[in-house]
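Chemist: Could you look at this predicted model? Sequence included:
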Amino acid sequence: MLLEPAGAQSGSSVSTSSGPPSATFSFGVANGEVTITHSGDAIDAARLTTEVDGEPVIARFSGAVVPGESVTLTDVPSGAAVTVTWDDGDEAVVLARFVTP
């Protein structure tokens, strides 16, 4: 499974407040690819994990994940559960979950 950054932006600061960020991820599906687009607070990508059916993808978001930034997963099977999880080492929260059609 390949995860490619798309539309990366720079120049935004990442929130340093404690607790999970206020973030939303939308999902788009086409031809076995799932595009995940972020909106909400900027997030340190080191705290995000993206999984397909419980397996982490090799690559992921990088740097400061800002609103409008997206990544595309390829070869995602029908019926697969895609999750984006935020983890600060003390707390892990699933920010988004999507099951492919």
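Modeler: Here it is on my side, so go on.
Chemist: all strands for this protein, in order.
Modeler: 3-6, 23-30, 33-40, 43-44, 48-52, 55-56, 64-65, 70-73, 81-87, 92-99 (DSSP state E).
Chemist: Single out the most deeply packed of those.
Modeler: Comparing those by mean neighbour count (mean count of other C-beta atoms under 10 Å), strand 64-65 ranks first with a mean of 24. For the C-beta atoms, the positions are set from N, CA and C on the backbone; glycine is no exception.
Chemist: and that strand, what does it pack onto?
Modeler: Helices and strands touching strand 64-65, by 3 or more C-beta pairs under 8 Å, 6 or more residues apart in numbering; DSSP states H and E, are strand 43-44.
Chemist: Can you tell me the strand partners of the strand it packs on and which way each runs?
Modeler: Note on strand 43-44: by DSSP bridges, its sheet partners are strand 64-65 (antiparallel).
Chemist: do you know how far the nearest residue to Thr49 once chain neighbours are set aside is from Ser39?
Modeler: The shortest distance from Thr49 to any non-neighbouring residue, by C-beta to C-beta, 6 or more residues apart in numbering, is to Thr85 (4.7 Å). Distance from Thr85 to Ser39, counting by C-beta to C-beta, to the nearest Å: 17 Å.
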